[in-house]
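**Student:** predicted structure and sequence below. I'll ask about it afterward.
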Amino acid sequence: MAVQFTMLNSMASGDFSTALERHVAWKLKYLDLKDEIFGKPIDRISPAEATQAQALIERHQLKTYCLSTSIMHVDVSHGEARFQSELHCLDGVLESGRIFSPTVVRLLSPRYAGRRGLGNCIEHLRRARPWVFDIYREALHRIQTAGFVGMIENEASGSIFSSVEEITEFFAVLDVPSARLIWDAVTLWQLGSAP
């Protein structure tokens with residue numbers, strides 16, 4: 001099986017059409033759609049904009065591998081209702097997914113300002129805020145039901161994924177066998193943990 005590379009569309013250019021042209025010039029076949037899609041992130045485009053973007057993608061003979069959302073990268077300190085509202089945004093992404101036909105839909109790890117002094121904060125979240133795991137389970141279920149693979153990426157800025165132990169413990173508590181991790185080693189360094 002040949003290895004295929006992908007990269008965020010906006011890394012090639014802030015202009016969507018130019019980004020697609022550069023993907024072709026660099027002999028990349030797959031797109032990781034995140035932002036700068038007609039000036040918007042993937043989790044904010046309309047169905048009409050998704051249809052327009054897909055027409056350009058097809059014209060360039062490219063395929064979408066991943067919809068890289070920023071969904072779930074909110075601070076759990078804001079409460080369950082705020083965290084739950086991320087599911088509404090996910091519904092819009094999944095609607096775009098029917099147009100783009102990606103393999104993967106990416107969620108981000110949550111943030112937690114209250115993590116200072118907790119060390120590994122997963123056990124604390126499991127006891128004090130179990131709804132975090134419930135909402136992720138629901139998001140991953142919706143992604144899988146839509147026909148895609150749900151992946152969670154560790155992200156900086158107060159992430160609850162600041163160590164390998166937190167990542168593995170989170171997935172153990174989550175207990176969703178279909179869930180996958182996009183492991184950003186640089187993020188762990190930024191959070192003070194050598195991966």
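**Tutor:** On my side now, so go ahead.
**Student:** from now on I want contacts and neighbour counts done on CA atoms only, so please keep to that.
**Tutor:** OK.
**Student:** give me the neighbour count for A2.
**Tutor:** 4 (other Cα atoms under 10 Å).
**Student:** any idea of the pLDDT on it?
**Tutor:** You'll see A2 listed with a pLDDT of 79.
**Student:** now do the buried residues in stretch 157-165.
**Tutor:** 158-163 (16 or more other Cα atoms under 10 Å).
**Student:** tally of neighbours for A53?
**Tutor:** 19.
**Student:** no, scratch that, I was asking about L90
**Tutor:** Counted with other Cα under 10 Å, L90 comes out at 23.
**Student:** name the element it belongs to?
**Tutor:** Using DSSP states H and E, L90 maps to helix 86-100.
**Student:** how close does the residue lying closest to A139 once chain neighbours are set aside get to Y65?
**Tutor:** Among residues not flanking A139 along the chain, L87 sits closest, at 6.4 Å (Cα to Cα, 6 or more residues apart in numbering). From L87 over to Y65 the distance is 21 Å, taken as Cα to Cα, to the nearest Å.
**Student:** ok, the closest residue to L174 other than its chain neighbours - contacts?
**Tutor:** Leaving aside its sequence neighbours, L174 sits nearest to F133 (Cα to Cα, 6+ apart; 5.7 Å). Counting by Cα atoms under 8 Å, 6 or more residues apart in numbering, F133 touches 126, 173-174.
**Student:** now, those that are in strands?
**Tutor:** Secondary structure defined by DSSP state E assigns none of these to strands.
**Student:** what residue in the chain is the furthest from its centre?
**Tutor:** The outermost residue of the chain relative to its centre, with distances by Cα atoms, centre = their mean, is G117 at 27.2 Å.
**Student:** which stretches in the protein count as strands?
**Tutor:** Using DSSP E, strands in the chain cover 6-8, 30-33, 63-68, 104-108, 149-153, 180-182.
**Student:** tell me which of these sits nearest to G192.
**Tutor:** strand 149-153 (16.9 Å; Cα to Cα).
**Student:** partners of that closest one, with directions?
**Tutor:** strand 104-108 (parallel), strand 180-182 (parallel) (DSSP bridges).
**Student:** residues contacting that strand, please?
**Tutor:** 103-109, 140, 143-144, 178-184.
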